[in-house]
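**Student:** Fold the following for me, if possible:
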Amino acid sequence: MTGDLSMHKPNPSPPTTMRQAVITAADRFDVVSAPVPRLTSDEDILLRTASCGICSGDLMPWYLAKKAGTVFGHEPVGWAVEVGPGVTHVRPGDLVFVHHHAPCLACPDCARKAYIHCRTWRTSRIDPGGMAEWIRVPAENTRTDTFAVNDISPERAVFIEPMACCV
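**Tutor:** Purely as a prediction, here's the structure:
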């Protein structure tokens, strides 16, 4: 453990609104108010964002232009506040790493380890994005690509995804 992290854990119930950073152009984002996402499945998790990395792609104008209207950031970690009853590997209060896409692990593409071609991988998303105060982790992501990481700080946990890309 890297110290007492309990002071960073969120209140037990989420508010109704939050702030989020929405990409509005290739060179601009705006911080706007939005409703806090709610669980839509027994396997969803609601996180209070603790930290979110900025990917090199997040800084490229061509990438930002095609993502206009979406919430910035896809490398988040957060504190689990609400955990669907079908989730057994994460508990409320856990610090959670979540990947922005997740494979099904059952299709022919996954069987050949071609995860980026998996239909679930290509359609799964965190809701609304990493640069929001609250994130709903949908069942598709929760099942295969979400982990409790209580033994490290949010500042270190946010490097899990970028480090995995270069190992």
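
**Student:** is residue 147 in a bridge, and if so with what?
**Tutor:** Beta bridges link residue 147 to residue 97 when assigned by DSSP bridges.

**Student:** wait, doesn't residue 118 sit right on residue 109?
**Tutor:** Yes. Between residue 118 and residue 109 there is a contact under Cβ atoms under 8 Å: 4.6 Å. C-beta coordinates here come from the backbone N, C-alpha and C atoms, glycine included.

**Student:** okay, those two: which has more neighbours?
**Tutor:** Neighbours were counted for residue 118 and for residue 109 using other Cβ atoms under 10 Å; residue 118 has more, 21 against 18.

**Student:** overlap in contacts of residue 118 and residue 109?
**Tutor:** residue 103 (Cβ atoms under 8 Å, 6 or more residues apart in numbering).

**Student:** Do you have the helices of the chain handy? List them.
**Tutor:** For the chain, the helices defined by DSSP state H cover 61-66, 108-111, 119-123, 139-144, 154-157, 160-165.

**Student:** what's the most buried one of those?
**Tutor:** Stretch with highest mean neighbour count among the helices of the chain: helix 139-144 (a mean of 21; mean count of other Cβ atoms under 10 Å).

**Student:** Rounded mean pLDDT for it, please.
**Tutor:** In this model, helix 139-144 has an average pLDDT of 92.

**Student:** And stretch 93-108, by the same measure?
**Tutor:** 93.

**Student:** cool, stretch 66-86 as well?
**Tutor:** 94.

**Student:** returning to what we had before: would you tell me which of the helices of the chain gets closest to residue 102?
**Tutor:** Set against residue 102 and scored by Cβ to Cβ, the helices of the chain come closest in helix 139-144, at 4.3 Å.

**Student:** wouldn't residue 162 be in contact with residue 54 here?
**Tutor:** No. Residue 162 is beyond contact range of residue 54, at 9.5 Å (criterion: Cβ under 8 Å).

**Student:** picking that back up, could I get the helices of the chain as a markdown table with distance to residue 132?
**Tutor:** As requested, the helices of the chain are exported to a markdown table (distance: least, Cβ to Cβ, whole Å):
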| stretch | distance to residue 132 |
| --- | --- |
| helix 61-66 | 17 |
| helix 108-111 | 29 |
| helix 119-123 | 20 |
| helix 139-144 | 15 |
| helix 154-157 | 15 |
| helix 160-165 | 17 |
